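Asks: Coordinates only, no sequence provided:
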């Protein structure tokens, strides 16, 4: 029932209204940020392996281009809808602004369960979708990237399709590509590395030692798995990790090297994982574990008014986009839970996507150390700016992050003016 009434875009607009009040803005100053610049809905046929034809529904939404070309991932999921894609595009605008990189926000998606399609069917689906959104994308207009259930291979198909339509190779049309066709070192781990950096900085500000800190991670995709791996390397104790089928838990800490090796094969499911001291719990139970840090890195709408009061973690670091509702935020704040918001915590992916785009435009290749050092510097600077606003104004880190970003967006719009 909660999924039927939850509107992620409404969740977004409520948050920016709250941030605007903190900044003392009139609605006319920021009203443009409450609307998307373009919303494209497409329907397209795909020939299936058995010779039949199915029609799929897809979206591409551009929220803002005030600060630069639009940027945002493409997801393949059976629950994709226009409001979700709009919210994800808007969050990307604010994520890029808070990180200080010259992009606006976009997002795309296809309503499909990719597990039910063969690899050739997925390729045909991707190429048809690319042809449908081609008028809106390009390295100077809108640059897609991987998201839920998409990866470097899918980005390669998009790049090839777009390049064939243009008649020449255009590597900068997408990021998150394989290295052999212009991808960037460090991109796969980037979002998880950003979550690690945000967690490290939050614990440092609170005077909580990383060594031995108990951490529960919801989601074993690239974000969750690499965040857990990097935090484990810093001495944290990863006590729980989950996928869509459930979670594994050991209060004394999982043997995470073994767990990481297991989940690196994406075909493996955690319900089949076994080990000394390991118990199997639900995703709902994982969210309510007694830990120092909870990292929701799966989908939106995970921490809600229904379960927020049961959250025992001292810190919630949002690896996913929009995992916490506005109502839940208020409950967590009242209970003293520090929430490091998604637009800051998971910005590592778009930051390194920006690096990839820059490398493509300049026909250069950075080494991985350079990528990681630049990511650390940009994200630490963003964290410091958000934390300083939080201290000065006595507001949550989420409101602080949105306010910092909104200031930049309002300023950009005022400088550029309204055409005509």
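Replies: Structure's in. What do you need? The shown structure was predicted, so the numbers you read here are calculated from the model rather than taken from an experiment. Residues are numbered from 1 along each chain as shown.
Asks: got a list of what residue 417 touches?
Replies: For residue 417, the contact set (C-beta atoms under 8 Å, 6 or more residues apart in numbering) is empty. Using the backbone N, CA and C atoms, a C-beta is placed for each residue, glycine as well.
Asks: Any chance of the backbone angles for it?
Replies: Reported as degrees, to the nearest 10, the phi and psi values for residue 417 are phi 80, psi -170.
Asks: Quick check: pLDDT value at it.
Replies: We note a pLDDT of 95 for residue 417 in this prediction.
Asks: What separation do you get for residue 143 and residue 191?
Replies: 16 Å (C-beta to C-beta, to the nearest Å).
Asks: Same check on residue 350?
Replies: Noted for residue 350: a distance of 8 Å to residue 191, by C-beta to C-beta.
Asks: Then residue 293?
Replies: From residue 293 across to residue 191, the span is 16 Å (C-beta to C-beta).
Asks: most residues in a single helix of the protein, which one?
Replies: For the chain, the helix with the greatest residue count under DSSP state H is helix 368-393.
Asks: For the helix or strand hosting residue 224, could you pull out the residues that count as buried?
Replies: In the assignment (DSSP states H and E), residue 224 maps to helix 222-233. Buried residues in helix 222-233, counted by 16 or more other C-beta atoms under 10 Å: 222, 223, 224, 225, 226, 227, 228, 229, 230, 231, 232.
Asks: Now do it: distance to the chain's middle.
Replies: Chain-centre distance of helix 222-233: 15 Å, with C-alpha atoms, centre = their mean, to the nearest Å.
Asks: And for stretch 320-332?
Replies: Here the centre of stretch 320-332 is set off from its chain's centre by 15 Å, with C-alpha atoms, centre = their mean.
Asks: Give me the residues contacting it.
Replies: By C-beta under 8 Å, 6+ apart, stretch 320-332 touches 6, 8, 11-12, 14-15, 87-88, 91, 218-219, 223, 296-305, 307-309, 311, 316, 318, 339, 342, 346, 396, 398.
Asks: Outline the domain layout of this structure.
Replies: The chain breaks down by automatic domain parsing into domains covering 35-175, 188-345.
Asks: tell me how far the ends of the last one are from each other?
Replies: Think domain 188-345. Start-to-end span of domain 188-345 (C-alpha to C-alpha, to the nearest Å) is 16 Å.
Asks: Could I get the average pLDDT for it?
Replies: Throughout domain 188-345, pLDDT has a mean value of 95.
Asks: Check the first one too.
Replies: Taken as a whole, domain 35-175 carries a mean pLDDT of 97.
Asks: Going by residue numbers, what spans are strands in the protein?
Replies: Using DSSP state E, the strands assigned to the chain run over residues 38-47, 53-62, 70-77, 104-111, 142-146, 214-218, 237-243, 246-249, 279-281, 293-296, 315-317, 338-340.
Asks: With distance to residue 118 and mean neighbour count added, can I get these in a markdown table?
Replies: Shown next, in a markdown table, are those (distance: least, C-beta to C-beta, whole Å; neighbours: other C-beta atoms under 10 Å):
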| stretch | distance to residue 118 | mean neighbour count |
| --- | --- | --- |
| strand 38-47 | 11 | 15 |
| strand 53-62 | 13 | 19 |
| strand 70-77 | 14 | 26 |
| strand 104-111 | 16 | 27 |
| strand 142-146 | 20 | 26 |
| strand 214-218 | 29 | 26 |
| strand 237-243 | 22 | 25 |
| strand 246-249 | 27 | 22 |
| strand 279-281 | 31 | 14 |
| strand 293-296 | 32 | 29 |
| strand 315-317 | 37 | 26 |
| strand 338-340 | 40 | 24 |
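Asks: how about a markdown table for those strands, with distance to residue 159 added?
Replies: Output for the strands of the chain, formatted as a markdown table (distance: least, C-beta to C-beta, whole Å):
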| stretch | distance to residue 159 |
| --- | --- |
| strand 38-47 | 19 |
| strand 53-62 | 16 |
| strand 70-77 | 12 |
| strand 104-111 | 14 |
| strand 142-146 | 9 |
| strand 214-218 | 31 |
| strand 237-243 | 29 |
| strand 246-249 | 36 |
| strand 279-281 | 40 |
| strand 293-296 | 31 |
| strand 315-317 | 32 |
| strand 338-340 | 33 |
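Asks: Which stretch among the ones you listed approaches residue 30 most closely?
Replies: With C-beta to C-beta as the measure, strand 104-111 is the member of the strands of the chain nearest residue 30 (14.5 Å).
Asks: what's the angle between that closest one and strand 142-146?
Replies: Taking axes from the mean of the first three to the mean of the last three C-alpha atoms, to 10 degrees, one finds that strand 104-111 is oriented at 50 degrees with respect to strand 142-146.
Asks: List the strands paired with strand 104-111, with their directions.
Replies: Strands adjacent to strand 104-111 in the sheet, as given by DSSP bridges, are strand 53-62 (antiparallel), strand 70-77 (parallel).
Asks: List of residues touching the first one?
Replies: Identification of contacts with strand 53-62 by C-beta under 8 Å, 6+ apart yields 36-48, 70, 80, 82, 85-86, 88-89, 104-112, 125, 128-129, 132-133, 136-137, 142.
Asks: and that strand with strand 38-47, angle?
Replies: Per the same axes, to 10 degrees, the angle that strand 53-62 makes with strand 38-47 is 160 degrees.
Asks: same thing with the shortest one?
Replies: Counting by the same axes, to 10 degrees, strand 70-77 points 40 degrees away from the direction of strand 38-47.
Asks: The residue nearest to residue 239 when sequence neighbours are not counted and residue 252: what is the separation?
Replies: Spatial nearest neighbour of residue 239, excluding adjacent residues (C-beta to C-beta, 6 or more residues apart in numbering): residue 214 at 4.9 Å. To residue 252, residue 214 is 10 Å away according to C-beta to C-beta.
Asks: what residues do the two have in common as contacts?
Replies: 237, 239.
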